[in-house]
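In: let me see the structure of the following:
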Amino acid sequence: MPDSVPQAPAVPEPRKGMPSPELDRATFETRFRSRFADPAFDPLRDEIDRLAAAAWDGYIGGRKSPLTRPAGPSFAEPDYELALDWLDAHKALRAAEAQHDDAAMPARILIINASSRSEHTCPGEMSKSWRLVQIAREVVEGHAGVETEVLDLSRLASEYGRKIHPCKACFSTAAALCHWPCSCYPNYSLGQVHDWMNDIYPMWVRAHGVLIVTPVNWYHASSPFKLMMDRMVCADGGNPDPTTTHGKTVPMAKALELADWPYPRHLAGRRFALVVHGDAEGAENVRRSLSDWLVSMELSPAGAEIDRYIGYWEPYATSHDALDRDPAVQDEVRLTAEKLTLAVLARGNRPSKPFESSLKSPRQK
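Out: You can find the predicted model right below:
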């Protein structure tokens, strides 16, 4: 009797039932006009009326990606129309991958300042994280053949038009629905523009090592960092070809995942280090959770993870003075940066002899 042919698993229907978020025109226009509250816009009210009408037309028509072109020969369906924004982001990722893989290029370490505090906005003072980033950067750049790139997430709070929009959790519907890079933004019909992630993804891709410096905010990493972290989900199993799902066609994505989706690890092999600092509580748990996250994406620990308190239970007003008085934590940040740098330099296309740091830990136990 011939062997039976395995049957493809049934594709479940998408579950529906949440209330509609669609606005009526009056509410939409109230929200649209709110960005023009400054009296400086008063002479332009007729022009704003026309802009509001055009924005309403795009909203009610659902024109998420009004500018598209055929995907091209490198995609499964070359004639499928993809958003120009996504194609540009895809091109930037390919260029970043080429940089990462070029053994003739310097090694690269991405240093992330995860604090939202900045003297350029309401706090009126730089963050301790920024100071620690500068300490680490000096160590990394003291090595020949290494370049740094700094991602300053405080720009989300201090720079005009700088946003990281929230993850829409496409991955939870089906892995193949989550595109690499993310295709959820920009969404012009909803005014969801200025998304920073298309610049951030290539930073991670071209890096050989990543050093994260974050404060503890309410027992967690900072909100800017968490926004970025959630949007990194597409780097860990995301679909690099949106034509295979005809954009966001849910049944096609579910069928792809059920047909043995490979969950590609787009950042695998990069080294990482962590500096987590707090004022009173939570540093150890944040450090552990971030380490678990990075390891789950198949990044490799460089043996350089610290969680420390600066000015433990002291007034916040004197926290920078507390850092000044704590040379040990500064030295530990230097050692963390040094270990990551040496781990990156020891990677496959670099000299294979072991590297030993000349820096010693200020705290042995």
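In: how about the helices in the stretch 151-300 of the chain?
Out: 155-158, 170-173, 197-206, 223-231, 250-258, 283-296 (DSSP state H, counting those that start in this stretch).
In: may I see the buried residues of the helix or strand just after the last one?
Out: Later in the chain than helix 283-296, the nearest helix or strand by DSSP states H and E is strand 300-309. Within strand 300-309, the residues that qualify as buried are 301, 302, 304, 305, 306, 307, 308, 309, counting by 16 or more other CB atoms under 10 Å. To be clear about C-beta, it is placed using only N, CA and C from the backbone, and glycine gets the same treatment.
In: cool, stretch 102-113 as well?
Out: Here stretch 102-113 shows 107, 108, 109, 110, 111, 112, 113 as buried, counting by 16+ other CB under 10 Å.
In: pLDDT value on the first one, please?
Out: To tie it back to what came earlier, the one meant is residue 107. At residue 107, the model reports a pLDDT of 96.
In: who does it bridge with?
Out: residue 146 (DSSP bridges).
In: list the contacts for it?
Out: 145, 146, 147, 208, 209, 344, 345, 347, 350 (CB atoms under 8 Å, 6 or more residues apart in numbering).
In: need those residues in a markdown table with pLDDT, can you?
Out: Listed next are these as a markdown table, based on pLDDT from 0 to 100:
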| residue | pLDDT |
| --- | --- |
| 145 | 93 |
| 146 | 96 |
| 147 | 96 |
| 208 | 98 |
| 209 | 98 |
| 344 | 96 |
| 345 | 95 |
| 347 | 76 |
| 350 | 45 |
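In: for the residues you listed, which one is nearest residue 297?
Out: Distance to residue 297, by CB to CB, is smallest for residue 209 among those, at 14.1 Å.
In: wait, the closest one touches residue 341, no?
Out: Yes: at 7.2 Å, residue 209 counts as touching residue 341 under the criterion of CB atoms under 8 Å.
In: pLDDT weak spots in the stretch 201-350 of the chain?
Out: For the stretch 201-350 of the chain, the stretches with pLDDT under 70 are 348-350.
In: mind checking how far the residue positioned nearest the centre of the chain is from residue 326?
Out: The structure's the chain has its C-alpha centroid closest to residue 228; by CA atoms, centre = their mean the separation is 3.4 Å. As judged by CB to CB, to the nearest Å, residue 228 and residue 326 stand 28 Å apart.
In: ok, back up a step: contacts only, for the residue nearest to the centre of the chain.
Out: Going by CB under 8 Å, 6+ apart, residue 228 touches 153, 164, 197, 200.
In: number of residues surrounding the third one?
Out: Read it as residue 197. Residue 197 is flanked by 20 other residues according to other CB atoms under 10 Å.
In: who wins for most neighbours among the contacts of residue 228?
Out: residue 153 (24 neighbours).
In: which of the buried residues of stretch 102-113 fall in strands?
Out: 107, 108, 109, 110, 111, 112, 113 (DSSP state E).
In: who's the last one bridged to?
Out: Going by DSSP bridges, residue 113 is paired in beta bridges with residue 152, residue 213.
In: isn't it right up against residue 128?
Out: No: at 10.3 Å, residue 113 does not count as touching residue 128 under the criterion of CB under 8 Å.
In: follow-up on the earlier one: and which of the buried residues of strand 300-309 is nearest residue 294?
Out: For the buried residues of strand 300-309, the nearest to residue 294 is residue 301 (7.5 Å; CB to CB).
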